[in-house]
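Novice: Sequence first, then the predicted structure, then my questions.
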Amino acid sequence: MYFQWLKKIVAAAAFLMVANAQAGLITDVETVNKTVSFGASKSWTHNILDQGFVLGSAQTATLTIEFRDDKDPWYAPFETALVQIGLFDLQDGGLVLNPTVDWTGGLGLSSLVKLNADGTLFVQVTSVLGDFIIGKSTLSVVTKDAEVPEPGTMMLFGLGLLGLAAARRKTTV
């Protein structure tokens, strides 16, 4: 019987540790749905403040942009776009890519700092060659939503649970 209680206590402690260690995820979707012709640009801003974002809590972020070819499938392999995320520093954005395939990239330091400072992220896509359609732009931000308790705190909590189990065992015996 003592072993069964010990298993329950260990399971409860593990559950509490896992529950406290979870980070939050905020997702912002901007529906762009615009055609970008040769030499033109389309820009938009992601704002995650209206989804409960706490300034300074972003740990990492990923941006996904959906691209579709507009009408010339034979020309699609040659079409090229320039994606600018935040400042043009080649760290997070500034990439030349084929805009007929969805693009996903992680944010670099400068854009993550800007996101933590004001909760917004500027995105601009420019057609270098050809024309294409920009669908949705999805920003996924992992935040430090819950603080992870110190190991010493968890050890004291576990010892307290063991003490309660031992006290209960003494009263039932």
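Specialist: Thanks, I have the structure now.

Novice: for stretch 51-60, how far is the first residue from the last?
Specialist: Taking CA to CA, to the nearest Å, stretch 51-60 runs 16 Å from one end to the other.

Novice: buried residues in it?
Specialist: Counting neighbours by 16 or more other CB atoms under 10 Å, one finds that the buried residues in stretch 51-60 are Phe53, Ser57, Ala58. In short, each C-beta sits where N, CA and C put it, glycine included.

Novice: Now tabulate the residues you listed in TSV and tack on pLDDT, secondary structure and distance to Phe78.
Specialist: Listed next are the buried residues of stretch 51-60 as TSV, based on pLDDT from 0 to 100; DSSP: H, G, I helix; E, B strand; the rest coil; distance: CB to CB, whole Å:
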residue	pLDDT	secondary structure	distance to Phe78
Phe53	90	coil	39
Ser57	91	coil	42
Ala58	91	strand	37
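
Novice: so which of those comes closest to Gly39?
Specialist: The nearest member of the buried residues of stretch 51-60 to Gly39, counting by CB to CB, is Ala58 at 33.7 Å.

Novice: With Val125 as the reference, measure out to that closest one.
Specialist: The gap separating Ala58 from Val125 is 22 Å, by CB to CB, to the nearest Å.

Novice: One more: Thr45?
Specialist: On the measure of CB to CB, Thr45 and Val125 end up 13 Å apart.
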